Structure formats: C-alpha cells, structure tokens
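**Student:** Structure for the following, please:
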Amino acid sequence: MIRRPPRSTLFPYTTLFRSVGFLDVLWNDRLEHLFVESAELDNSMAWLSTLGGAYSSLGDEFVDYAKMAGYISRHQYRLALKLGDAVILSKCKLYLALSLVQLGYLGKAKRVIREQYQVATSLPSPKRDVRLENMCKGAWAKLKYAYVERKTARKQLNNNNNNQISPKH
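**Tutor:** Alright, predicted model coming up:
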C-alpha cells in the first residue's frame, strides 16, 4: 500500500479552495453587476457631456438652452456621485458654474469656480489633473468677460437714461 502525504503538505492552497469553494457565484455576479453599472455610468456621462456642451454653446444666446445645460450638469453630478471620482464631480460643478454665468448669476458662479480651483490644486499628485485646473481658468475667464459685458451694458443703459432725462436746449 502506498501512503500519500497529507493534503496540506502537497498543495497548501488546495485546502483553502476546498473549504471555501473554488468559484463564488454570488461574488462573480456582484462583480459583473458593478462592471456593467460602471460602464453604463461612463457611457451616460459621455452622452450627457456632449449634450450639455451643445446646450451650453447655445446658452450664450438663448436663456432656455442655458437652463437646460444647467439641468444636464446637475444630472451629470448625480451620476458622478455614483462613480465617486473627485475630478469628475468638480468638472460637473464647473459645467453648472458656466450655466450660472450664462443665466447672469455671476456671484454664485464665482464661488463655485473658486471652490473647484481650490479642489483642483489641492488634489494629491497621482489624482491631480491639469485639465481640471485649466477648465477652472477657462471658466474664470468667461466669468470675467461676463462681468465686463454686464458693466458695459449698465453703462450704456445709464447713458441712454441720462440722455432721455436731460432737457434739450
């Protein structure tokens, strides 16, 4: 009769697989669900980003499109919360800030842009994204331009009002 050595001395890891089971079907299903959900979220974010960009570009001229761009950016934000990525969350907030600029809420947009720039510059090295910093700078430039436009429009309105009020000789 040939004696076999104990199982644990042949392949120590085989004992582990026998006790737990080689395949955990429930864990596999969970991983598959997470993978599919992540892929669907990424796809939705891409579509919403494209759609939001289109509405945002029209939002400079039409208020309804600026409102829709803001709505889309809020929807993107909710999806980004599920993804849990700080950079994507900041980008969504910047999209919302651009919508706020288009709608004339410059003070609110200013706060959001400053906050996101601080987030962008305070991220640790591996997560730091130069594109996010540049997006903040671009949003800030648009905000500054909106302030100049508002100031010019107010001056022009005041000049028109003064011309109408002043008596003619």
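**Student:** tell me which residues of the one helix or strand residue 117 maps to are tucked away?
**Tutor:** Secondary structure assignment for residue 117, by DSSP states H and E: helix 106-122. Of all the residues in helix 106-122, those buried under the rule 16 or more other Cβ atoms under 10 Å are 106, 109-110, 112-113, 116-117, 119-120. For glycine as for every other residue, the C-beta is placed from the backbone atoms N, C-alpha and C.
**Student:** The helix or strand that it is followed by packs against which elements?
**Tutor:** Downstream of helix 106-122, the next assigned helix or strand under DSSP H and E is helix 130-165. Counting contacts by 3 or more Cβ pairs under 8 Å, 6 or more residues apart in numbering; DSSP states H and E, helix 130-165 is packed against helix 86-103, helix 106-122.
**Student:** Give me the mean pLDDT for the last one.
**Tutor:** In this model, helix 106-122 has a mean pLDDT of 95.
**Student:** for stretch 56-64, same thing?
**Tutor:** 88.
**Student:** Check stretch 30-48 too.
**Tutor:** 78.
**Student:** Quick check: residue 115 touching residue 97?
**Tutor:** No - the criterion here is Cβ atoms under 8 Å, and residue 115 misses it with residue 97 at 9.1 Å.
**Student:** Kindly calculate the angle that the helix holding residue 117 makes with helix 130-165.
**Tutor:** Per axes from the mean of the first three to the mean of the last three Cα atoms, to 10 degrees, the angle that helix 106-122 makes with helix 130-165 is 160 degrees.
**Student:** sorry, back to before: so which of the buried residues of helix 106-122 would you say is closest to residue 145?
**Tutor:** Nearest to residue 145, judged by Cβ to Cβ, of the buried residues of helix 106-122 is residue 106 at 10.6 Å.
**Student:** give me every residue that touches the closest one.
**Tutor:** Contacts for residue 106 (Cβ atoms under 8 Å, 6 or more residues apart in numbering) come out as 100, 143, 146-147, 150.
**Student:** Equivalent analysis for residue 85, please.
**Tutor:** Here residue 85 is in contact with no residue (Cβ under 8 Å, 6+ apart).
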